[in-house]
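Enquirer: got a predicted structure plus its sequence, pasted below:
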Amino acid sequence: MVRTALVVAGVLLALLSLGSPALAQTDCKTVVPASPWGPNDQTGATNRVTAAVTKAAAAEIQTGKVTAMSYPLVDGVPLFGSRFTKTILTAVSLAPGAAFGENQLTYMEDTWLSQSHVGTHLDGMGHIGRKDCYYNQIAMGKFINQNNMTKLGLEHLKSFATRGVLVDMVKVYQAANKFKGNAACKKPCLEKGTVISAADIQAGLKMYNVTLREGDIVVIHTGWGDLFEQFPAQNALYNSGEPGIGKDAAKWLASQKVVAVGSDSWAVEVIPGEDPKEAFIVHNILLTDNGIHIIENVRTDLMAAEAAASKRATFFFNMTVPKAVGMTGNFVAIDGIQ
Amino acid sequence: MTHPTPALPCGRRRRRVWRAASALVALLTLLVAGGGPVSAQRRWTIAFANLTEEPGVTLEGTGFTGAEVRESFNLAARLYPVDLVFYDNRRDDARAVANAEAAVARKVDLYIQYHAGAAANATVARTLKAAGIPVLAVNDPVPGAPLYGLDNAAAGRLAGEALAQFAARAWAGQPTVAVVVGRVAAAAERVPERVRGLTDALHQRLPAARLTTLDTQGNPAQVAPLLGAFLAANPARKVLVAATDDATALAAKAAVESAGRVRDAAIVSHGVDRSIHGGMNDRKEIDPSNRGSIVIGSVAFYLDRLGYEVLPLALRMLRGEPVPARTATPHKLVTAANVFIEYPPSDMN
């Protein structure tokens, strides 16, 4: 009897193991590197923003000039794939007789329907993986439900109060006599498909005598954001590709231990990519492998102009990210303060 | 037994070690940067004379255009120390010869010729040989030049085998017929080779299946009447449809739907152009979320990636390395299971 029960139990277990392929998971230790901050790390590169880093960054504030580095969040801006935005204003208390109390209080609020990765936005650690493996070898299949992630959410991020460094690729390419623009841009922009290399970034840093420090946020001005500013007229062109960093630039930036890389484009990386069979490989290099954030659709033209005028391409990077529990990213507002 | 190295004064020894280490680092940097000191320093000028860049005109019996071929060279060239010079042969012999002469005057380092005229290609070969410029031929031979090209027969076999496997899996024991539809007689575009590969595979794998060809002469509007009549004539049979190109496949799908025979048909195509794999927002017929489509796959011709295949061969020639006399496109069946690997929809449109 006991023997029969054991056999039945064994067969059931075997059937269960065969019948649940969805639970099969990749050995993430072979797919994604470990975090330098230990096996429990869910934070990534903002671990580098220490008190000393923030204090040093504060020294960038010399004139107090604040430069906007984000685009307006409004219906009609270019969006990736099937993403959408829809805002609905609730203003019922403005109707006659709907005000509250003797003080006639009225109120309004908004419903914002959209995905989190729209407009100027931050990619969090849970945004991009390789198979089911995400930052710090986390097998995310075990840590998602229909509402959110239970690991790697934005609530784990630390401060972004650090130094920002603008790299003006338009100037670099013009100086090197290899500038090739797009006629639809009202201001100079690099053509889509332009691969920004590590050497290009180093040339851009040299142009303003900047040496990257651990904990910096690098913002790359390509000029492509000019098409974003023309929304919706140039949305199709903006979406069709972009200039951006290539693989060697991403690896070099990772070696510099930066916190984030932003650009005035929708993916930061070059599209079409260097290898047509690779999909968003720079995202894998920065986010999945190194825990370095990507900030997309950053408005860079104003800071590029400031840098050109002041001969200074560094600034205090002022950006806060909501502690959005279990979310993969969120739209942000950025100010560069000099 | 080892012999002791003569002792050096401490400072000299350190300097020597330092110099050796510096030389090693410099060498490693060069190697990492670009495959060696020569390739890191030398830029090559390569000419590509395209078959035709006439807007809307498709090449090789597929949905790809000359503009897509040209763009593939532009994109691939980003990876190499190469400056490209483009010519348009316009499918015209005189133009092809004039382009080669212009390239000689421009002193290009290598010439990639994509032109179908045998006599013009012979003249181009002589002209460039006299100028000491190596030639690489694309899809049509040039005397004395290595050839990179499509393998239509192999592509057709892949499509035929895919259809046969589907029939064996889904319709085993049921009466089945096969039909090849499209520009089946377009010899200039080597479509008959494709059809031969298809029919060989189908005859081999499904010897009992009757095989019919329907020539649309390249007009997708002809697919509905031709295939509609064929379906009506075979009301109780399963139908394997081999389309010679993706536009024909989509027209065939519409014809099958109009005839109410979706449950009786499977379609395999050739090309994998954008009309069938699409971008992020396109309606993609071959798509992991559209696994129920009767278009079960298409054999990739990769003309939109020609530059990625051809430029490495050109660089090997320029470096004096041997290249095969004939290199064939690595055709592959693309289905819903692998389309996002072969063609990641990385653009936002």
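Expert: Structure's in. What do you need?
Enquirer: where does the chain dip in pLDDT?
Expert: Went with chain A since none was named. Across chain A, residues meeting the criterion (pLDDT under 70) sit at A:1-24.
Enquirer: you answered for a different chain; I wanted chain B.
Expert: Residues of chain B that meet the cut-off, pLDDT under 70, sit at B:1-41, B:347-349.
Enquirer: and the residue nearest to the spatial centre of it, how far is that from chain A?
Expert: Computing the C-alpha centroid of chain B and ranking residues by CA atoms, centre = their mean puts B:Tyr302 first, at 2.9 Å. Applying CB to the nearest CB, to the nearest Å, the value for B:Tyr302 to chain A is 9 Å. C-beta here means a position set from N, CA and C on the backbone, and glycine is covered the same way.
Enquirer: dump the residue contacts of that residue.
Expert: B:272, B:309, B:329-331 (CB atoms under 8 Å, 6 or more residues apart in numbering or on different chains).
Enquirer: distance of A:Lys178 from chain B?
Expert: From A:Lys178 to chain B the distance is 11 Å (CB to the nearest CB).
Enquirer: what does the stretch 51-200 of chain A have sitting close to chain B?
Expert: Contacts of the stretch 51-200 of chain A with chain B, taken as CB under 8 Å from any CB of the partner chain, map to A:78-82, A:193, A:195.
Enquirer: with neighbour count added, can I get these in TSV?
Expert: What follows is those, written out as TSV (neighbours: other CB atoms under 10 Å in any protein chain shown):
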residue	neighbour count
A:Pro78	23
A:Leu79	22
A:Phe80	17
A:Gly81	15
A:Ser82	8
A:Gly193	20
A:Val195	21
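Enquirer: do you know how far the residue nearest to the centre of chain B is from B:Thr123?
Expert: Note on B:Tyr302: its distance to B:Thr123, by CB to CB, to the nearest Å, is 29 Å.
Enquirer: same question, B:Gly307
Expert: For B:Gly307, the distance to B:Thr123 - CB to CB - is 25 Å.
Enquirer: neighbour count: these two, which is higher?
Expert: B:Gly307 (25 against 19; other CB atoms under 10 Å in any protein chain shown).
Enquirer: state the helix or strand in which that one lies.
Expert: helix B:306-318 (DSSP states H and E).
Enquirer: report all helices and strands that that helix contacts.
Expert: For helix B:306-318, the elements it packs on are strand B:44-50, helix B:66-77, strand B:110-113, strand B:135-138, strand B:147-149, judged by 3 or more CB pairs under 8 Å, 6 or more residues apart in numbering or on different chains; DSSP states H and E.
Enquirer: deepest in the core, which of these is it.
Expert: strand B:110-113 (a mean of 27; mean count of other CB atoms under 10 Å in any protein chain shown).
Enquirer: which residues touch it?
Expert: By CB under 8 Å, 6+ apart, strand B:110-113 touches B:44, B:46-49, B:89, B:96, B:100, B:103, B:121, B:124, B:128, B:133-138, B:142, B:145, B:310, B:314, B:317-318.
Enquirer: what sits against the nearest residue to B:Ala185 once chain neighbours are set aside?
Expert: Of all residues not flanking B:Ala185 in the chain, B:Asp215 sits nearest, at 5.5 Å (CB to CB, 6 or more residues apart in numbering or on different chains). B:Asp215 makes contacts with B:182-185, as judged by CB under 8 Å, 6+ apart.
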